[in-house]
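Enquirer: Got a predicted structure here, sequence first:
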Amino acid sequence: MELQEINQKLKETRDELLGILNGLREDQFNKRKDPYSWSVSQVCQHISKTEELYVVAIKRGLKSKEDSFIKNKALEFLLDRSKKLEAPDIVKPTDEIL
């Protein structure tokens with residue numbers, strides 16, 4: 001997939017998400033299923049914080065003159081939503097009502 005295609009897919013996905021979010025009432029946006037889960041608002045905070053970190057990392061990588069080699073890791077576990085992963089503190093959402 002070319003970079004232009006990837007950017008277009010990301011834009012389409014973002015637009016679709018914003019359309020869904022705009023259709024939610026405030027109580028739906030901030031409601032948690034249980035004390036151990038995140039609200040839609042918190043999931044959005046998490047996505048936003050994670051995206052910001054990726055942008056910073058990619059920019060640094062593009063500016064770097066050093067060659068870096070990172071061992072390839074299987075990423076299938078990220079697609080398996082049956083297993084919860086603990087988010088790093090830096091990308092955890094707040095309890096603030098948005």
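Expert: The structure has been received and is ready for your questions. Numbering: from 1, shown residues only.
Enquirer: what's the distance between the top helix by length along the chain and the middle of its chain?
Expert: Counting residues, the longest helix found in the chain (DSSP state H) is helix 40-63. The chain centre lies 7 Å from the centre of helix 40-63; the measure is CA atoms, centre = their mean, to the nearest Å.
Enquirer: Touching that helix from outside, list them.
Expert: With CB atoms under 8 Å, 6 or more residues apart in numbering as the test, helix 40-63 has contacts from 21, 24, 28-32, 38, 68, 87, 90-95, 97-98. C-beta: built from backbone N, CA, C; applies to glycine.
Enquirer: same thing but at 7 Å, please
Expert: Surrounding helix 40-63, the residues in contact under the criterion CB atoms under 7 Å, 6 or more residues apart in numbering are 21, 24, 28-30, 38, 87, 90-94, 98.
Enquirer: Alpha carbons of that helix, as PDB, please.
Expert: Taking Å, rounded to 0.1, in the frame of the first residue of the first chain, the C-alpha atoms of helix 40-63 are listed here in PDB:
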ATOM      1  CA  VAL A  40     -15.900   6.100  24.800                       C
ATOM      2  CA  SER A  41     -14.400   9.500  25.800                       C
ATOM      3  CA  GLN A  42     -11.500   7.700  27.500                       C
ATOM      4  CA  VAL A  43     -10.900   5.500  24.500                       C
ATOM      5  CA  CYS A  44     -10.700   8.600  22.400                       C
ATOM      6  CA  GLN A  45      -8.200  10.200  24.800                       C
ATOM      7  CA  HIS A  46      -6.100   7.000  24.600                       C
ATOM      8  CA  ILE A  47      -6.200   7.000  20.800                       C
ATOM      9  CA  SER A  48      -5.200  10.700  20.600                       C
ATOM     10  CA  LYS A  49      -2.300  10.300  23.100                       C
ATOM     11  CA  THR A  50      -1.000   7.200  21.300                       C
ATOM     12  CA  GLU A  51      -1.200   9.000  17.900                       C
ATOM     13  CA  GLU A  52       0.700  12.000  19.300                       C
ATOM     14  CA  LEU A  53       3.500   9.700  20.500                       C
ATOM     15  CA  TYR A  54       3.700   7.900  17.200                       C
ATOM     16  CA  VAL A  55       4.000  11.200  15.300                       C
ATOM     17  CA  VAL A  56       6.800  12.300  17.600                       C
ATOM     18  CA  ALA A  57       8.600   8.900  17.200                       C
ATOM     19  CA  ILE A  58       8.200   8.900  13.400                       C
ATOM     20  CA  LYS A  59       9.500  12.500  13.100                       C
ATOM     21  CA  ARG A  60      12.500  11.700  15.300                       C
ATOM     22  CA  GLY A  61      13.200   8.600  13.200                       C
ATOM     23  CA  LEU A  62      13.000  10.500  10.000                       C
ATOM     24  CA  LYS A  63      15.400  13.200  11.300                       C
END
